[in-house]
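Student: Below is the sequence, then the predicted model.
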Amino acid sequence: MASRFACFWVSLFAGVLLTATGGACGGSVTVAGSGGSGGGSGGCAGFPAIGACVYGCGSDAFDSSICQDGVWVCPPGTVPVDDCPAGTCSGPPLPCEVCNNGWSCAPNIACAGSCESLLCATCNGAPAGTLQIGACTCACDSTGGQYGCALAPGCCNKDIDCGDETFVPCVNNVCKPPVMGACWSDTECGANMKCSGAVVCPCSFDCNTPDMPGTCVPS
């Protein structure tokens, strides 16, 4: 559980404040820039464990271990995360995590649609193999034991994914070059206008009808 908490903060701060090594973001988690024996923390070997202590099992409030008499211990009022009963869900969940006798992974379009690389710190409960979710290809990382997604080849999530030299709208996760006198999206139409009648087969789908642009009409 402590490593899942470490993953949350490492993903949030992108490694600026914390660094994580080993396991699923966490065999050891240290404060970036600290050094020496325990970072000058009273003679303890190594470094304080980020998120190793919780203010009550199941709480979202975590703390780091402190050095006391040469031993890393949890601060008063907290307990070691590893001492909490099996199945306890402590800490804020990652985007696709749900509490089901412990954290499990339940990827869906609502939580995975942005194709984030870290959606769950565990693969428990996640579908086996590769899963296509919108424009995302999602799977379990067999080496780190985490679940995440990446933008599928040829797909897009937003207009900028289609390039920035000229405007190309992203429609149904597909880049559609503009057509003179027609439209694929409302962004191609003027004020108080909308695109009507456009048909675009979603990315990675097989459709029976070809893509057809629409026309701009009053909204």
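Tutor: Yep, that arrived.

Student: any idea which helix or strand carries Pro127?
Tutor: For Pro127, there is no helix or strand it lies in under DSSP states H and E.

Student: tell me the contacts of it?
Tutor: Pro107 (CB atoms under 8 Å, 6 or more residues apart in numbering). Any C-beta I mention is one placed from the backbone N, CA and C, and that applies to glycine too.

Student: Try it again at 10 Å.
Tutor: With contact taken as CB atoms under 10 Å, 6 or more residues apart in numbering, Pro127 is in contact with Cys105, Ala106, Pro107, Ile133, Cys138, Ala139, Cys140, Tyr147.

Student: right, and the second one touches Thr122 too?
Tutor: No: proximity of Ala106 to Thr122 does not meet the contact threshold set by CB atoms under 10 Å, at 11.1 Å.

Student: quick one, which of the two is more surrounded?
Tutor: Thr122 (21 against 16; other CB atoms under 10 Å).

Student: Over to the more buried one. Which of the three states is it?
Tutor: At Thr122 the chain is in coil, as set by DSSP: H, G, I helix; E, B strand; the rest coil.

Student: Distance-wise, check it relative to Gly145.
Tutor: 7 Å (CB to CB, to the nearest Å).

Student: Pro213 too?
Tutor: From Pro213 to Gly145 the distance is 45 Å (CB to CB).

Student: So for those two, which sits in the more crowded spot?
Tutor: Pro213 (20 against 16).

Student: check contacts around the more buried one.
Tutor: 171, 176, 178-185, 188, 195, 197-200.

Student: so which of those residues would you say is closest to Asp164?
Tutor: Taking CB to CB as the measure, Asp164 lies nearest Pro178 of these, at 14.6 Å.

Student: Report pLDDT for that closest one.
Tutor: Pro178 is assigned 95 on the pLDDT scale.

Student: Sketch out the low-pLDDT regions of this protein for me.
Tutor: 1-42 (pLDDT under 70).

Student: I appreciate the help and will end here.
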